[in-house]
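Undergrad: Predicted structure and sequence below. I'll ask about it afterward.
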Amino acid sequence: MVDIRKTASAPAGASELFQLLRDGQPRTRTELADLVGVARSTVALRLDALMDLGLVAPVEDAISTGGRPSAQVALQTDTRLVLGVDIGASHLHVGLTDLSGTALADAFRDGLLVSAGPRTVLDAVVELATTVLAEAGRSAADLLAVGVGLPGPVEHSTGRPINPPIMPGWHGFDVPGYLHGHFGVPVLVDNDVNVMSVGERETAWPDVENLIFVKVATGIGAGIICNGELLRGADGVAGDIGHIRVASGEELLCRCGNVGCLEALASGPAVALKLQAAGHDAEDSRDVVDLVNRGDQDAVRAVRQAGRDVGEVLSACLSMMNPAVIVIGGSMALTGEHFIAGVREAVYSRSMPLATQHLQIVQSASGPDAGMLGASMLAIHHALSPESVDGMLAARVG
């Protein structure tokens, strides 16, 4: 005899039902039946399928208005999990989050150079992931997906790095395939600043439809949220503002081979070079931040000017896109208001008042966790999409 709970029609409808529950709001079966327009018995079958996957679960009963209380169901956020991986130029941050994006455990490795190559770095990802899973008392069987942010251009359709300037040996490497071989779940890969923009918007600005996230660290890039969606562009390089020519850059040589790029003028290493020329012991962004935090006036002036240079480029972006919020992240944002004050100064002096009347220019609320949290959100959005839920339901039936 065929079990009607395992026919194809129930899983297909269950995916639609699940999308209503993704907001986390508990609902009764009657409410769901009214929203979907089907009988309560049909809703019950679809909920059974979703409960078997661990995606939804019963919650406390609704307040009774007389008679028997109505049972409610809601998204189950902690039964299944995702991994968020932030790979930087010289660091690795791996975090385990539930389906709401709440971090359960994380591990950080500083000094691991991305230039060491994909296998070395990705093996370290697997090692740290094993550590955080054990710390949370979970296993890889609990994972639904893995999200990864890389510090270079990524072909969105394949998740492979494309000619990344600071990542020798990574061009065309199958990052999703390599990690899938270890974890057995879908692996989503994107440029790190795109990932950060998604994470920042989800955690701090969920109601903002137009936002630019600017990462200023070893390099400079922007993630663009336009009409609520991440803007990647035709070839996935939208937001690559670090290689826009800036007048004050003169003939500074950039690692991309051109001269006068914003990155060669205002990135952390560029500011460190200026401070070295002034007699300071500064090799990278961390040294710059340390000097600013100690009140060194040369460092403060250099950081403020770097903010102006970034603001000059952003003023052009402002005229093109008219965002409501510009978020400054990356290691240079850790200099606090000094850098951001320079950005504001340039943006407000060079932009039309109409474009800036409601504009907010702020420091990242996610801070050093922006990349990891953003990668987690990338994984969550994929794992809970209608296509993914349909696939899980079909596998269950099969």
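TA: Thanks, I have the structure now. Numbering: from 1, shown residues only.

Undergrad: What strand or helix carries the residue nearest to A346 when sequence neighbours are not counted?
TA: If the residues on either side of it in the chain are set aside, A346 comes closest to G311, at 2.8 Å by CB to CB, 6 or more residues apart in numbering. No exception for glycine: its C-beta is placed from N, CA and C like everyone else's. When secondary structure is defined using DSSP states H and E, the element that contains G311 is helix 297-321.

Undergrad: What separation do you get for the residue nearest to A346 and V300?
TA: Look at G311 and V300: by CB to CB, to the nearest Å, they are 16 Å apart.

Undergrad: my read: the residue nearest to A346 touches G342, true?
TA: Yes - at 6.2 Å, G311 counts as touching G342 under the criterion of CB atoms under 8 Å.

Undergrad: Neighbour count for the two, which is higher?
TA: When G311 is set against G342 and neighbours are counted by other CB atoms under 10 Å, the residue ahead is G311, at 28 against 24.

Undergrad: So, low pLDDT: which residues of this structure?
TA: 1-12, 61-70, 397-398 (pLDDT under 70).

Undergrad: Now do the helices in it.
TA: For the chain, the helices defined by DSSP state H cover 9-21, 29-36, 40-52, 118-135, 175-183, 192-204, 262-266, 268-277, 285-293, 297-321, 337-350, 353-356, 370-383, 386-397.

Undergrad: Which stretch among those approaches P161 most closely?
TA: The stretch from those with the least distance to P161 (CB to CB) is helix 175-183; that distance is 7.0 Å.

Undergrad: Give me the residues contacting the closest one.
TA: Around helix 175-183, the neighbours that count as contacts under CB atoms under 8 Å, 6 or more residues apart in numbering are 83, 118-119, 122, 125-126, 129, 140, 143, 146, 148, 150, 158-161, 186-189.

Undergrad: let's see 10 Å
TA: Helix 175-183 is contacted from outside by 83, 85, 87, 118-119, 121-123, 125-126, 129-130, 133, 140-141, 143, 145-146, 148, 150, 154, 158-161, 174, 185-189, using CB atoms under 10 Å, 6 or more residues apart in numbering.

Undergrad: Mind checking which of these are buried?
TA: By the neighbour-count criterion of 16 or more other CB atoms under 10 Å, the contacts of helix 175-183 include these buried positions: 83, 85, 87, 118, 121-122, 125-126, 129, 133, 140, 143, 145-146, 148, 150, 154, 159-161, 174, 185-189.

Undergrad: The residue nearest to S331 when sequence neighbours are not counted: neighbour count?
TA: Using CB to CB, 6+ apart and skipping residues adjacent in sequence, the residue nearest S331 is S285, 3.8 Å away. For S285, the tally of surrounding residues (other CB under 10 Å) stands at 25.

Undergrad: circling back to that earlier point, with distance to E250 as extra columns, can I get the helices of the chain in CSV?
TA: Written out in CSV, the entries for the helices of the chain read as follows (distance: least, CB to CB, whole Å):
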stretch, distance to E250
helix 9-21, 53
helix 29-36, 61
helix 40-52, 60
helix 118-135, 35
helix 175-183, 37
helix 192-204, 26
helix 262-266, 9
helix 268-277, 12
helix 285-293, 21
helix 297-321, 12
helix 337-350, 18
helix 353-356, 28
helix 370-383, 32
helix 386-397, 50
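
Undergrad: Nearest to H93, out of these?
TA: The minimum distance between H93 and the helices of the chain falls on helix 370-383, with 4.7 Å, by CB to CB.

Undergrad: May I ask you to confirm that E127 is in contact with A107?
TA: Yes - contact between E127 and A107 holds when scored by CB atoms under 10 Å: they sit 8.8 Å apart.

Undergrad: Between these two, which contacts overlap?
TA: Common contact partners of E127 and A107 (CB under 10 Å, 6+ apart): L92, V94.

Undergrad: between the two, who's got more neighbours?
TA: Between E127 and A107, counted using other CB under 10 Å, the more crowded position is A107 (18 against 13).

Undergrad: got the contact list for the more buried one?
TA: For A107, the set of contacting residues under the criterion of CB under 10 Å, 6+ apart consists of 92-96, 124, 127-132, 135, 372.

Undergrad: In contact with the nearest residue to it once chain neighbours are set aside, which residues?
TA: Nearest residue to A107 in three dimensions, chain neighbours excluded: L128, at 4.3 Å (CB to CB, 6+ apart). For L128, the contacting residues are L83, V85, L92, H93, V94, G95, D106, A107, F108, R109, L112, by CB under 10 Å, 6+ apart.

Undergrad: so how far is A346 from the last one?
TA: The gap separating L112 from A346 is 35 Å, by CB to CB.

Undergrad: Likewise for the third one?
TA: When CB to CB is applied, the distance between L92 and A346 equals 33 Å.

Undergrad: More neighbours: which of the two?
TA: Taking neighbours as other CB under 10 Å, L92 and A346 compare with L92 leading, 23 against 20.

Undergrad: out of everything not next to it in sequence, what's closest to that one?
TA: What sits nearest to L92 in space, not counting adjacent residues and going by CB to CB, 6+ apart, is R109, at 4.5 Å.

Undergrad: Might one say that that neighbour is in contact with T120?
TA: No - in this structure, R109 is not within contact of T120 by CB under 10 Å, at 11.6 Å.

Undergrad: Thank you, goodbye.
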